[in-house]
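J.: Got a predicted structure plus its sequence, pasted below:
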Amino acid sequence: MRAKEPFLAADLVELDSALLSRADRVVPMRDVFKGDTGTNVIGLRHDIDDNLGSFETALAFAEWEFEHGYASTYFLLHDSHYWGEEMLAYAPRFEELGHEVGIHVNAIAEALRQRRDPHEILTEALSELRSAGVRVVGAVAHGDNLCHSSHFVNDELFTESPRPAYGKLDRLLEHEGVICPLKPISRRAYGLEYDPNWLSRGEYLSDSSGRWSQPFDVVAERLGEAGQLHVLIHSDWWKQAFPVAVAA
Ligand SMILES: [Zn+2]
């Protein structure tokens, strides 16, 4: 397994043989939320970011998981290149393959860029995603560059995910002269039930920024020993693992 992107076809084989196939089940994060918390069960999610080809690769990943008997959650980013016709046409495909669709939230960053209300942005995005006919109950924050410069996490829209290390729940954020007051409300007001980052877990492995957060082999070897493992994959880094794009 390569330590960093680009991940190749051989890495996909190893992801399967060394990790996923050794679990009792690989399940979407909604199942973890509903109580499938066994130590030998893997909760798997994909955040589909805005790099070229990310959405096509995610669809190929979804087909591959289906063929291997795995299910997971695909979090779709509302301010991405694929949002719009592509998202509307293919979001239902994830569900057809037994996966869950969630929303990847960048509403506070977009509010600062567009000088708008973040709640209005999320409301719009959720209704667009749900208009594709998919059931959306999970949301997870995207890490935008603005999060670092303006010091916030995109899940601070919700009262259930306070970030005291960043500041008070109702503080003012600023970016290039635009002020955005944080006025968190319950995620339940959006018909959202959970955020995978706030579910309890024994171990976490992610390929954020194209690099495994821990050595892959070490995490794979101790599967089940430290409690339930949650894995985050970004299809953005796996384009070359699927040489022939799978048409949905
Ligand atoms: Zn993201």
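T.: Everything's here; your move. Residues are numbered from 1 along each chain as shown.
J.: Quick check, the residue in the protein closest to the ion?
T.: H142 (3.7 Å; Cβ to the ion). Bear in mind the C-beta positions are built from the backbone N, C-alpha and C, glycine included.
J.: Return the residues in contact with that residue.
T.: Going by Cβ atoms under 8 Å, 6 or more residues apart in numbering, H142 touches D47, D49, L77, H104, V105, N106, A109, N154.
J.: same thing but 7 Å
T.: D47, L77, H104, V105, N106, N154 (Cβ atoms under 7 Å, 6 or more residues apart in numbering).
J.: Can you point out the helix or strand that includes G102?
T.: Counting by DSSP states H and E, the element that carries G102 is strand 100-105.
J.: so which of the contacts of H142 comes closest to W212?
T.: Using Cβ to Cβ, D47 comes nearest to W212 of the contacts of H142, at 14.9 Å.
J.: Give me the phi and psi angles of the residue lying farthest from the centre of the chain.
T.: Residue farthest from the centre of the chain, counting by Cα atoms, centre = their mean, is G177 at 30.2 Å. Dihedral pair for G177: phi 80, psi -10, per degrees, to the nearest 10.
J.: From S150, how far off is it?
T.: Remark: distance between G177 and S150 (Cβ to Cβ, to the nearest Å) = 12 Å.
J.: continuing past the lengthiest strand in the chain, what's the next helix or strand?
T.: If you go by DSSP state E, the chain has its longest strand at strand 41-48. Using DSSP H and E, the helix or strand that follows strand 41-48 towards the C-terminus is helix 54-68.
J.: Report whether that following helix contacts the ion.
T.: No: applying Cβ under 5 Å from the ion, one finds helix 54-68 separated from the ion by no less than 9.8 Å.
J.: can you tell me if the helix or strand just after that helix touches the ion.
T.: Following helix 54-68 in sequence order, the next helix or strand is strand 73-77 (DSSP H and E). No: on the criterion Cβ under 5 Å from the ion, strand 73-77 is out of touch with the ion, staying 6.1 Å away.
J.: Mind listing the strands strand 73-77 pairs with, and their directions?
T.: Taking DSSP bridges as the criterion, strand 73-77 sits next to strand 41-48 (parallel), strand 100-105 (parallel) in its sheet.
J.: burial of the closest residue to I48 other than its chain neighbours, as a residue count?
T.: Of all residues not flanking I48 in the chain, A58 sits nearest, at 4.7 Å (Cβ to Cβ, 6 or more residues apart in numbering). A58 is flanked by 28 other residues according to other Cβ atoms under 10 Å.
J.: residue contacts, A58?
T.: H46, I48, Y74, S235.
J.: Just put these in a markdown table and tack on pLDDT.
T.: A markdown table is the format used below for the contacts of A58 (pLDDT from 0 to 100):
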| residue | pLDDT |
| --- | --- |
| H46 | 98 |
| I48 | 98 |
| Y74 | 98 |
| S235 | 97 |
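J.: Redo those residues as CSV? Include neighbour count.
T.: Formatted as CSV, the contacts of A58 follow (neighbours: other Cβ atoms under 10 Å):
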residue, neighbour count
H46, 28
I48, 25
Y74, 29
S235, 26
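J.: and stretch 176-184, which residues are buried?
T.: C180, L182, P184 (16 or more other Cβ atoms under 10 Å).
J.: re the thing from before, now tabulate the strands paired with strand 73-77 in TSV and tack on distance to P162.
T.: Shown next, in TSV, are those (distance: least, Cβ to Cβ, whole Å):
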stretch	distance to P162
strand 41-48	22
strand 100-105	16
